[in-house]
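1. Fold the following.
(2 chains)
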2 protein chains.
Amino acid sequence: MSTQTAPVDNGVNVEALLGARQAMSEMPEAAQFQWKATSEWVNGAHTRVSVEEFFGAGADQAHVKTFVNDVDHPNVFAAEDNGITPVEYLLVGLAGCLTAGVASVAQNRGIQLRSVTASLSGDMDLAGILGIDPDVRNGFAGVKVSFDIDADASREDIEALVAQSQKRSAVYDALTNPTPVTVEVC
Amino acid sequence: MSTQTAPVDNGVNVEALLGARQAMSEMPEAAQFQWKATSEWVNGAHTRVSVEEFFGAGADQAHVKTFVNDVDHPNVFAAEDNGITPVEYLLVGLAGCLTAGVASVAQNRGIQLRSVTASLSGDMDLAGILGIDPDVRNGFAGVKVSFDIDADASREDIEALVAQSQKRSAVYDALTNPTPVTVEVC
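-> Purely as a prediction, here's the structure:
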């Protein structure tokens, strides 16, 4: 980072994150997090999902408020479209995760970001979920993310930011690798 | 379904869905969907993700409005908590997907639902995303969904509803099986 320019500020508190990293290295139980959500069916395909509490850093934690998310199906599925579809929420999470990673890595590397936008798409053959063809999977056949980044850095450095973000992304991992999911009726 | 009781109404238009299934069986290209999102970094870990357009049933489609989702990190990560975290959005999608499936299958089987709630949790060891331990994955170690369902049905029938929903869930598949994700800089 040049001493002639203003300090790089992407709004990421790298010192705090590196401090947390150090603390969690020394006390691995502090790194154990549990994220939570509760949902309530409204009608048809419409469900309301609330997110507020989580556990981490050795204690119960809470968001600043309860975040309520409406999930639904669109009109083309004869539904009311009170919210985006379940699979679109996966794209939301992926975009947020990779972008936060880009901002954090840029801060750590002394790269000032000016804008970071991304276009995401997920291809899906409904022959899966509708039970038309047992050889077609229910989920995405594939997902594509395309970043457009304006920053004080070379194209090579920008590509390296994105690559590092991808390498440490929780949602990228969750989509590209299998996660055990247990579903029970209580 | 008894003729003495009111018709089952879970708010799901099963006739329309079965009609779509039939139409897509005869015209497989109509079942090809593409879900989309666009994101814009705001500051720090805060990204705003917009969802409006998608492609499906052979044409460009749109939601009734642009749905805007704020993604952020909580205060415990020295962030502003302007929205839930990326991984919590995965729980939102999973809850919405499995619950919509329960409602649809119940409607198809003539089972009246009174309430469907679920508690979800996802365990994550931050030693992964913080790069503390290369043997720890970035994503969830595991996810648990617990349904509480009040319906005009036996416990066995309720468990069968949940099992069938799981079998046809796009998000359950996306989490439990690998999805190819391509990330590029344009």
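
2. Report how many residues lie close to A:P180.
-> 12 (other C-beta atoms under 10 Å in any protein chain shown). (Each C-beta comes from the backbone N, C-alpha and C, glycine too.)

3. Could you give the bridge partners of the nearest residue to it once chain neighbours are set aside?
-> Distance criterion C-beta to C-beta, 6 or more residues apart in numbering or on different chains; nearest residue to A:P180, sequence neighbours excluded, is B:G142 at 4.5 Å. Beta-bridge partners recorded for B:G142 (DSSP bridges): B:D123.

4. State the distance from B:G142 to A:D123.
-> The gap separating B:G142 from A:D123 is 27 Å, by C-beta to C-beta, to the nearest Å.

5. so is A:E184 in a helix, a strand, or just coil?
-> What DSSP: H, G, I helix; E, B strand; the rest coil gives for A:E184 is strand.

6. which residues sit in contact with it?
-> Neighbour list for A:E184: B:144-147 [criterion: C-beta atoms under 8 Å, 6 or more residues apart in numbering or on different chains].

7. Please repeat the previous calculation with a cut-off of 6 Å.
-> Residues near A:E184 by C-beta atoms under 6 Å, 6 or more residues apart in numbering or on different chains: B:S146.

8. Low-confidence regions, chain A specifically.
-> For chain A, the stretches with pLDDT under 70 are A:1-5.

9. Buried residues of stretch A:132-145, list them for me.
-> Buried residues in stretch A:132-145, defined by neighbour count with 16 or more other C-beta atoms under 10 Å in any protein chain shown: A:132, A:136-141, A:143-145.

10. Can you give me the neighbour number for the residue nearest to A:G44 when sequence neighbours are not counted?
-> Distances taken as C-beta to C-beta, 6+ apart place B:G11 nearest to A:G44, at 3.3 Å, with adjacent residues excluded. Using other C-beta under 10 Å, B:G11 has 16 neighbouring residues.

11. quick check, B:G11 in a strand?
-> No - using three-state DSSP, the assignment for B:G11 is coil, not a strand.

12. Please report phi then psi for it.
-> Note on B:G11: backbone dihedrals following degrees, to the nearest 10 are phi 80, psi 10.

13. How far away from the center of its chain is the longest helix along chain A?
-> Using DSSP state H, we find that the single longest helix of chain A is helix A:86-108. Centre-to-centre, helix A:86-108 and its host chain are 5 Å apart (C-alpha atoms, centre = their mean, to the nearest Å).

14. ok, now stretch A:104-123?
-> 13 Å.

15. buried ones in that stretch?
-> Judged by neighbour count (16+ other C-beta under 10 Å), stretch A:104-123 contains these buried residues: A:104-108, A:111-113, A:116-118, A:120-122.

16. Quick one: the strands in chain A, in order.
-> A:32-43, A:46-56, A:59-71, A:113-125, A:142-151, A:181-185 (DSSP state E).

17. does chain B sit close to the second one?
-> Yes - between strand A:46-56 and chain B, judged by C-beta under 6 Å from any C-beta of the partner chain, the touching residues are A:47, A:49, A:51.

18. Equivalent analysis for the third one, please.
-> Yes - for a cut-off given as C-beta under 6 Å from any C-beta, strand A:59-71 has contacts with chain B, namely A:61, A:63-64, A:67, A:69, A:71.

19. mind listing what's buried in that strand?
-> Neighbour count says strand A:59-71 has A:61, A:63, A:67, A:69-71 buried, by 16+ other C-beta under 10 Å.

20. A:A78: neighbour count?
-> A:A78 has 17 neighbours, counted by other C-beta under 10 Å.

21. gap between it and B:V105?
-> Taken as C-beta to C-beta, the span from A:A78 to B:V105 is 16 Å.

22. before we move on, what about A:L120?
-> Applying C-beta to C-beta, the value for A:L120 to B:V105 is 29 Å.

23. Just give the nearest non-adjacent residue to the residue nearest in space to the middle of chain A, would you?
-> Per C-alpha atoms, centre = their mean, the C-alpha nearest to the average position across chain A is that of A:G93, at 2.9 Å. Counting by C-beta to C-beta, 6+ apart, the nearest residue to A:G93 once its immediate chain neighbours are dropped is B:Y89, at 3.4 Å.

24. mind listing what the one you found touches?
-> For B:Y89, the contacting residues are A:89, A:92-93, by C-beta under 6 Å, 6+ apart.

25. before we move on, back to that, tell me how far the residue nearest to A:P180 lies from B:Q61.
-> Separation of B:G142 from B:Q61 (C-beta to C-beta): 35 Å.

26. hmm, back to that, make TSV out of the residues of strand A:46-56 next to chain B and add neighbour count.
-> Shown next, in TSV, are the residues of strand A:46-56 next to chain B (neighbours: other C-beta atoms under 10 Å in any protein chain shown):
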residue	neighbour count
A:T47	29
A:V49	28
A:V51	25
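
27. Show me the contact partners of stretch A:11-20.
-> Contacts for stretch A:11-20 (C-beta under 6 Å, 6+ apart): A:103-104, A:107-108, B:43-44, B:78.

28. Let me fix that, I meant to ask about stretch A:24-42.
-> In contact with stretch A:24-42 (C-beta under 6 Å, 6+ apart) are residues A:47-51, A:53-58, B:87-88, B:91, B:95, B:99, B:116-127, B:132.

29. 7 Å instead, please
-> Stretch A:24-42 is contacted from outside by A:23, A:47-51, A:53-58, B:85, B:87-88, B:91-92, B:95, B:99, B:103, B:113, B:115-127, B:130, B:132, using C-beta atoms under 7 Å, 6 or more residues apart in numbering or on different chains.
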